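Engineer: Here's my sequence, what's the structure:
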Amino acid sequence: MPNKHGDFTWYELTTTDVDPAMDFYSKVLGWTWEKSEDQPGMPYYLCSMNGTQIGGMMGLTDEMIASGAQPCWLGYIGVDDVDKSAEEIKAAGGSVHIPPTDVPGIGRFAMVTDPQGAYFYIMQDSSGNESESFAATEPRDGHCAWNELMTTDPGAAMQFYTGQFEWQKDGEMDMGPMGKYEMLRHDFMLGAIMPKPDEVPMSMWSFYFRVADIDKAVKAISDNGGNVTLEPDEIPGGDYQINAIDPQGAPFALVGARS
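Structural biologist: Residues are numbered from 1 along each chain as shown. Take a look at the predicted model:
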């Protein structure tokens, strides 16, 4: 089905060392990489799983690092009109950090934050291609399986995102002292919103990529210079999740079965 306003359509890694990052994620997730020929100026790299594009990567410049940029994963949310959405995000208490900008042949994007400071992109696609980066309807190895927001104000965040992107709350899970885990639906299950743990420095999105075997992925992370910060933890449905940090310092998450 075609992508619509409010769908997650792309995932992007910014990193301090491009070649080792490509090697790391290839070994952990099985991605293949190629340099984009459509991005003039700063080199941009595309990752794919079995021929389907999942996301992209670019290196942080010295100027970006001096301005405080750090290795991280960010998600792109598709919108019908990026200029209108950017203004509505500002009116709702968010901020625009990169104003609406054209990428020839791809679309028009902006980098924004929600009112609690979590970064993400909005993207108005003009390529005519349907994104399969997020596995919306069935499990797909190498694709994003879950989008999770950790925030300082879950109630305000729920109001913001449901208002901006037509998402709906679809149930919740009591996590005891950690608060509520509130599910998000956008025709399909999209992810969840939860209170930010104290050890997480700021409100942020986390993206769970699916692997065929969670224990093999844990070994691949450790063998290739990454650091697992949450060991395999069973979640409803029988899969296991982990949290990790790649060798350049970008947090990421995985979900998968145990063999």
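Engineer: Remind me which helix or strand Trp73 belongs to.
Structural biologist: Trp73 is located in strand 72-78, with elements delineated by DSSP states H and E.
Engineer: hmm, who's touching that strand?
Structural biologist: 3-14, 109, 111, 119-125, 131, 147, 165, 204-207, 250-252 (C-beta atoms under 8 Å, 6 or more residues apart in numbering). Where C-beta positions appear, they are placed from N, C-alpha and C, glycine not excepted.
Engineer: Please apply the same query to stretch 216-223.
Structural biologist: 27-29, 211, 227-228, 231-232, 242, 244, 254, 256, 259.
Engineer: Out of these, which sit inside strands?
Structural biologist: Val211, Asn227, Val228, Glu231, Pro232, Ile242, Ala244, Leu254, Gly256 (DSSP state E).
Engineer: Apart from its chain neighbours, what residue comes closest to the second one?
Structural biologist: Right, the one you point to is Asn227. Ile245 (4.7 Å; C-beta to C-beta, 6 or more residues apart in numbering).
Engineer: swap in Gly142?
Structural biologist: Excluding the flanking residues, the one nearest Gly142 by C-beta to C-beta, 6+ apart is Met49, at 3.0 Å.
Engineer: returning to what we had before: now, the most widely separated pair of the contacts of stretch 216-223?
Structural biologist: Using C-beta to C-beta, the contacts of stretch 216-223 span at most 22.9 Å, a distance reached by Asn227 and Ser259.
Engineer: For Pro2, see how far away Gly249 is.
Structural biologist: As judged by C-beta to C-beta, to the nearest Å, Gly249 and Pro2 stand 36 Å apart.
Engineer: Have a look at those two and say which one is more surrounded.
Structural biologist: Gly249 (13 against 8; other C-beta atoms under 10 Å).
Engineer: How about the contacts made by the more buried one?
Structural biologist: Applying C-beta under 8 Å, 6+ apart, the residues near Gly249 are Thr16, Gln70, Pro71.
Engineer: Over to Arg140?
Structural biologist: So Arg140 contacts Met49, Glu132, Arg210 (C-beta under 8 Å, 6+ apart).
Engineer: which strand residues sit across from the residue most central in space within the chain in the sheet?
Structural biologist: Residue closest to the mean C-alpha point of the chain, counted by C-alpha atoms, centre = their mean, is Gly75 at 3.8 Å. Going by DSSP bridges, Gly75 is paired in beta bridges with Tyr11.
Engineer: where does it land on pLDDT?
Structural biologist: Here the pLDDT value assigned to Gly75 is 98.
Engineer: what's the distance between it and Thr113?
Structural biologist: Distance from Gly75 to Thr113, by C-beta to C-beta: 13 Å.
Engineer: hey, what's in contact with both of those two?
Structural biologist: Phe120.
Engineer: Run the angle between whatever helix or strand Thr9 lives in and strand 72-78 for me.
Structural biologist: Assessed by DSSP H and E, Thr9 sits inside strand 8-15. Counting by axes from the mean of the first three to the mean of the last three C-alpha atoms, to 10 degrees, strand 8-15 lies at 160 degrees to strand 72-78.
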